[in-house]
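A.B. asks: Test case, fold it:
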Amino acid sequence: MLVSSRHFFPSLNPTVRRQFHHRTPPLPTIVSLATLLLLLTILLASANFSIHGSPAHAQPRRLKPFQRTHQSFLQVEQELGGWQSKHATDPHCLLPPFNVSAEERMSWFRRNLPTFKIIHPGRLSRRFAKAASEFFSRGCEIRFFMTWISSTESFGQRELFSLESLFKQHPFACLLILSRSMDSGRGRRILKPLSASGYRVTALAPDLQFLFNGTPAELWFKELRKGNVDPGEIPLAQNLSNLLRIAVLYKFGGVYVDTDVIILRSFSSLRNSIGAQSMIAETGEWRRLNNAVLVFDENHPLLFKFIQEFSLTFDGNKWGHNGPYLVSRVASRVAGRPGFNFTVLPPMAFYPVDWSRIGGYFRQPATPAASKWVEAKLVHLHRETYAVHLWNRQSNRIAIENGSIIHRLIFDHSAVGGILKLSGLSPP
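C.D. replies: Here you go, the predicted structure:
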């Protein structure tokens, strides 16, 4: 809220005004009228000085503009305003209303279901199964998947760099982006620098019914399309992305990566792996997993359990409940059971920097000591890290500064150099 300077510099206090109003004037036989006016002026100036506590010529106090600072995890999880303003007119996202009852939200959801096109089969999505099969049939060293349930206008430079880093390390991989908006002329133009360079990348509108058939998500999706599932206050697009990534891996097998992940090393040695976001220092046991990077064979039983958990416990009001917290719950539950063979990689594999410290990776080193820290961190990353999650929700408004870790990674891991021309950054 903007606050006017008059709230900090009010006019003369009414009590003082009343005192002047009731003051007995000097006798006109003793003091002339001019003298009376002079005295009154001096008194008013004196009163004005004492009320404000500063000289009359002092500048009005200015409120500092809001600056993003370290926030609690709960605050960040609940901070949807920036995401909403960016996607407020995006027909792919279906943003739910806030501060309404569950009944009011369900009524709104049923009214707006026809506008959320990804839920309903169409000409593009009906060809998904055949097109995906043909895309992969021509030979792929590794199958990669991403999801993009937003507009093409929102697909920016950082997303492009994520794609470039993928192909820098995996030039013979295939990347399938599950996205209705990117399965378009504009989407193909966005991807053209990569496809024209010979890299195998395409975007296809996903057929959700095909992907969910034969899994526990089939019934959940049927009820969702009827309007019988409360989407909650979290944008449904984000929760659908959580389900899509595990469903497409269950159907095809391969690697899923978020569009805010920079890939530093080949994934060819990884199999049936998930990364820990945090660990317990004393025991070396993982505390929480994350689903920004997933590497699994098709029909893996852990993926089936993920899908089952999503369908049975879906809650659209709790941030992360259907994503990182879901994979953490299930992995903890089935760990050690026969048939559930999977590897939990340490945080350095995919999450070498926590979301609360990601800003440091974008800043230019200002001192010799800071420069040494950047160099040491880069050596450490290239030695032990497969990918760096940029935590886009926290970092998307942070500028990439010359000489920063992210700046250096961009120049080291760009496949075709397109992002370098767009970024305006100088060579390191």
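A.B. asks: Now for the residue lying closest to residue 220 once chain neighbours are set aside, how many residues are close by?
C.D. replies: Taking C-beta to C-beta, 6 or more residues apart in numbering, and ignoring the residues beside it in sequence, residue 220 has residue 311 as its nearest neighbour in space, at 4.0 Å. Where you see a C-beta, it was placed from the backbone N, CA and C, and this is true even at glycine. Applying other C-beta atoms under 10 Å, we find 18 residues neighbouring residue 311.
A.B. asks: I'd like the distance between residue 311 and residue 243.
C.D. replies: Plainly put, residue 311 is 8 Å away from residue 243 if you go by C-beta to C-beta, to the nearest Å.
A.B. asks: Select the longest strand from this structure.
C.D. replies: If each strand of the chain is counted by residues according to DSSP state E, the longest one is strand 286-296.
A.B. asks: Would you mark the buried spots in it?
C.D. replies: Within strand 286-296, the residues that count as buried by 16 or more other C-beta atoms under 10 Å are 286, 288, 289, 290, 291, 292, 293, 294, 295, 296.
A.B. asks: again, but for stretch 397-412
C.D. replies: Buried residues in stretch 397-412, defined by neighbour count with 16+ other C-beta under 10 Å: 398, 400, 403, 404, 405, 406, 407, 408, 409, 410.
A.B. asks: With stretch 227-241 instead?
C.D. replies: 229-241.
A.B. asks: out of those residues, what pair is the most spread apart?
C.D. replies: For the buried residues of stretch 227-241, the farthest-apart pair by C-beta to C-beta is 230 and 241; their separation is 18.2 Å.
A.B. asks: Make sure residue 278 is indeed in a strand.
C.D. replies: Yes: membership of residue 278 in a strand is supported by DSSP: H, G, I helix; E, B strand; the rest coil.
A.B. asks: how many other residues sit next to it?
C.D. replies: That count, for residue 278 with other C-beta under 10 Å as the rule, works out to 14.
A.B. asks: could you measure it against residue 272, distance?
C.D. replies: For residue 278, the distance to residue 272 - C-beta to C-beta - is 21 Å.
A.B. asks: In the stretch 101-250 of the chain, what residue spans correspond to helices?
C.D. replies: 102-112, 123-126, 128-137, 157-169, 185-195, 208-212, 217-225, 236-252 (DSSP state H, counting those that start in this stretch).
A.B. asks: need those in JSON lines with mean pLDDT and distance to residue 148, can you?
C.D. replies: Output for these, formatted as JSON lines (pLDDT from 0 to 100; distance: least, C-beta to C-beta, whole Å):
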{"stretch": "helix 102-112", "mean pLDDT": "91", "distance to residue 148": "21"}
{"stretch": "helix 123-126", "mean pLDDT": "93", "distance to residue 148": "14"}
{"stretch": "helix 128-137", "mean pLDDT": "96", "distance to residue 148": "14"}
{"stretch": "helix 157-169", "mean pLDDT": "94", "distance to residue 148": "8"}
{"stretch": "helix 185-195", "mean pLDDT": "95", "distance to residue 148": "9"}
{"stretch": "helix 208-212", "mean pLDDT": "96", "distance to residue 148": "15"}
{"stretch": "helix 217-225", "mean pLDDT": "96", "distance to residue 148": "19"}
{"stretch": "helix 236-252", "mean pLDDT": "96", "distance to residue 148": "8"}
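A.B. asks: follow-up on the earlier one: in CSV: the buried residues of stretch 397-412, plus secondary structure and pLDDT.
C.D. replies: Formatted as CSV, the buried residues of stretch 397-412 follow (DSSP: H, G, I helix; E, B strand; the rest coil; pLDDT from 0 to 100):
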residue, secondary structure, pLDDT
398, coil, 91
400, coil, 91
403, coil, 93
404, coil, 95
405, helix, 95
406, helix, 93
407, helix, 92
408, helix, 92
409, helix, 92
410, helix, 89
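A.B. asks: Low-confidence stretches in the stretch 301-428 of the chain?
C.D. replies: Residues of the stretch 301-428 of the chain meeting the criterion pLDDT under 70: 415-428.
A.B. asks: now with 80?
C.D. replies: Where the stretch 301-428 of the chain drops to pLDDT under 80, the residues are 414-428.
A.B. asks: At which residues are the strands of it located?
C.D. replies: Ranges of strands in the stretch 301-428 of the chain, per DSSP state E, counting those that start in this stretch, are 343-345, 387-389.
A.B. asks: among those, which is nearest residue 319?
C.D. replies: strand 387-389 (16.5 Å).
A.B. asks: Tell me which strands that closest one pairs with, and in which orientation.
C.D. replies: Using DSSP bridges, strand 387-389 pairs in its sheet with strand 261-263 (antiparallel).
A.B. asks: Same question for the strand it pairs with: list its buried residues.
C.D. replies: Of all the residues in strand 261-263, those buried under the rule 16+ other C-beta under 10 Å are 261, 262, 263.
A.B. asks: ok, of those residues, which one's closest to residue 361?
C.D. replies: Distances from residue 361 to the buried residues of strand 261-263, taken by C-beta to C-beta, are shortest for residue 262, at 9.9 Å.
A.B. asks: which ones are touching the closest one?
C.D. replies: Residue 262 makes contact with 161, 162, 165, 387, 388, 390, 406, 409, 413 under the criterion C-beta atoms under 8 Å, 6 or more residues apart in numbering.
A.B. asks: Please report how far the fifth one lies from residue 183.
C.D. replies: Distance from residue 388 to residue 183, counting by C-beta to C-beta: 28 Å.
A.B. asks: about what we covered before: got CSV for the buried residues of stretch 397-412, with distance to residue 95 too?
C.D. replies: As requested, the buried residues of stretch 397-412 are arranged in CSV below (distance: C-beta to C-beta, whole Å):
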residue, distance to residue 95
398, 24
400, 28
403, 38
404, 33
405, 33
406, 29
407, 33
408, 36
409, 32
410, 31
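A.B. asks: Residue 253 against residue 297, yeah?
C.D. replies: Yes: using C-beta atoms under 8 Å as the test, residue 253 is close enough to residue 297 to be in contact (4.8 Å).
A.B. asks: got the phi/psi numbers for residue 339?
C.D. replies: phi 90, psi -20 (degrees, to the nearest 10).
A.B. asks: Spatially nearest residue to it (excluding sequence neighbours)?
C.D. replies: Nearest to residue 339 is residue 301, by C-beta to C-beta, 6+ apart, at 5.5 Å.
A.B. asks: what about that neighbour, how many neighbours?
C.D. replies: For residue 301, using other C-beta under 10 Å, the count is 17.
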